[in-house]
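*Asks:* no sequence on this one, just coordinates:
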Ligand SMILES: NC(=O)C1=CN([C@@H]2O[C@H](COP(=O)(O)OP(=O)(O)OC[C@H]3O[C@@H](n4cnc5c(N)ncnc54)[C@H](O)[C@@H]3O)[C@@H](O)[C@H]2O)C=CC1
Ligand SMILES: O=P(O)(O)OC[C@H]1O[C@](O)(CO)[C@@H](O)[C@@H]1O
């Protein structure tokens, strides 16, 4: 019986990362999305290309053996597919997980086979699969919760690959960086064993991987984006070719490195090598990655467990240095009213309508007695004063 994976989110990461590696592992991929244009294209196009880009040049792979279902109009079909699938993955955005949970819950509830479904959320967020699992439990009958592990197991993941916004005439094809990392927890599968997906690095403890990735790759990437945006740069590469911004990115990643080295068994030398790799990756001209894409959704990126407040709060609790991270927060606070970015409009509203302390609580989720709180209030106050 052919292995089948249901993937929610036929976007850049869905088509260009997750589906590429599920296809390579011999899975039939069933895309689920709510965007008619993507579903229609996937249903009428029997293959698409993934072009991997690096300093060594380009290589192209052809993806086939996939189908697509619009979960807005064909929910029953999605439920049926999940009830007989081996794997469910998603790359929809952390704030969308609550919307895909109900249909996944119904699909899991309808399963009868001996092997539980493997559920792996592929999002830029710590514990994204746990978050999805929570929403799925909320959409499951009380008397079915205890037996749910017989029908599904949930594994957190850390995915890292840069997929910029694609050129308008790309169709389904995706231009993506060659580098990738995909670490997934192996422990939740227990006696059943994890699915056979060669691209995945299976680990028993994911925390070091996801914190290192989020607080190095995403923190550095978003710092470059926000400083670049405020300096009028168009792309991340352009921002990093400005030595002032590059030095700032390095200073921020020195702060997060001190936390990562202190917290996880990662040596300072190993972390420095990882930092150099990231700076080289995001300086890559080939990707044409815009500052607006990488800075998108500033409210999410300023939130409590995310790429700035997450490490800065831990550093403040440990008596560590976090001044450079505060600079990134300041630049993110200035990412207001950006065309097409609803959260940047909401950010401007929160800053306009609240006191510095109330805005800080709303935006960062910090407790008022947290050691980082007064430092962020000062930054928020400074940004608010500029607008007056
Ligand atoms: N683009 C990148 O370089 C990377 C992105 N990520 C993460 O992957 C996730 C997706 O990112 P992208 O692919 O860049 O975004 P994207 O916007 O290209 O794709 C998201 C897809 O989810 C779909 N979607 C929205 N609501 C849905 C729903 N209710 N049901 C099914 N599908 C729905 C959208 O229609 C879209 O096709 C995000 O969490 C992002 O942080 C992680 C690593 C790298
Ligand atoms: O996808 P998010 O969480 O908006 O973050 C933006 C960018 O961060 C990265 O995951 C890595 O920095 C990008 O590839 C991603 O698109």
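*Replies:* Sure thing, it's come through. All values derive from a computational prediction rather than experimental measurement. Numbers count the residues shown, from 1 in each chain. Ligands and ions are numbered 1, 2, ... in the order given.

*Asks:* Every contact and neighbour count from this point should use C-alpha atoms.
*Replies:* Will do.

*Asks:* Return the distance of residue 310 relative to ligand 2.
*Replies:* Going from residue 310 to ligand 2 by C-alpha to the nearest ligand atom, to the nearest Å gives 14 Å.

*Asks:* Tell me how far the host helix or strand of that residue lies from the chain's centre.
*Replies:* Using DSSP states H and E, the element containing residue 310 is helix 309-317. From the chain centre to the centre of helix 309-317 is a distance of 20 Å (C-alpha atoms, centre = their mean, to the nearest Å).

*Asks:* Could you list the low-pLDDT ranges of the stretch 151-300 of the chain?
*Replies:* Scanning the stretch 151-300 of the chain for pLDDT under 70 picks out nothing.

*Asks:* Kindly report the residues of it close to ligand 1.
*Replies:* 159-164 (C-alpha under 6 Å from any ligand atom).

*Asks:* ok, and of these, which contact ligand 2?
*Replies:* 160-163.

*Asks:* Verify the stated contact: residue 66 with residue 28.
*Replies:* Yes. The pair residue 66 and residue 28 passes the contact test of C-alpha atoms under 8 Å, sitting 5.6 Å apart.

*Asks:* Which part of the stretch 51-200 of the chain gets nearest to ligand 2, residue-wise?
*Replies:* Nearest residue of the stretch 51-200 of the chain to ligand 2: residue 162, at 3.5 Å (C-alpha to the nearest ligand atom).

*Asks:* wait, isn't that residue in contact with residue 175?
*Replies:* No. Residue 162 is beyond contact range of residue 175, at 9.5 Å (criterion: C-alpha under 8 Å).

*Asks:* Look up how far ligand 2 lies from residue 314.
*Replies:* Distance of residue 314 to ligand 2, given as C-alpha to the nearest ligand atom: 20 Å.

*Asks:* Equivalent analysis for residue 338, please.
*Replies:* Going from residue 338 to ligand 2 by C-alpha to the nearest ligand atom gives 14 Å.

*Asks:* Correct me if wrong, but that residue is in a strand.
*Replies:* No. Assignment of residue 338 by DSSP: H, G, I helix; E, B strand; the rest coil gives coil, placing it outside any strand.

*Asks:* Let me see the confidence value for it.
*Replies:* We note a pLDDT of 98 for residue 338 in this prediction.

*Asks:* just to confirm, which helix or strand has residue 300 in it?
*Replies:* Counting by DSSP H and E, the element that carries residue 300 is helix 298-301.

*Asks:* same deal with residue 22?
*Replies:* Per DSSP H and E: helix 19-24 holds residue 22.

*Asks:* Just the buried residues of the helix holding residue 310, please?
*Replies:* 309-316 (16 or more other C-alpha atoms under 10 Å).

*Asks:* next one: stretch 19-39
*Replies:* Buried residues in stretch 19-39, counted by 16+ other C-alpha under 10 Å: 19-24, 27-34, 38-39.
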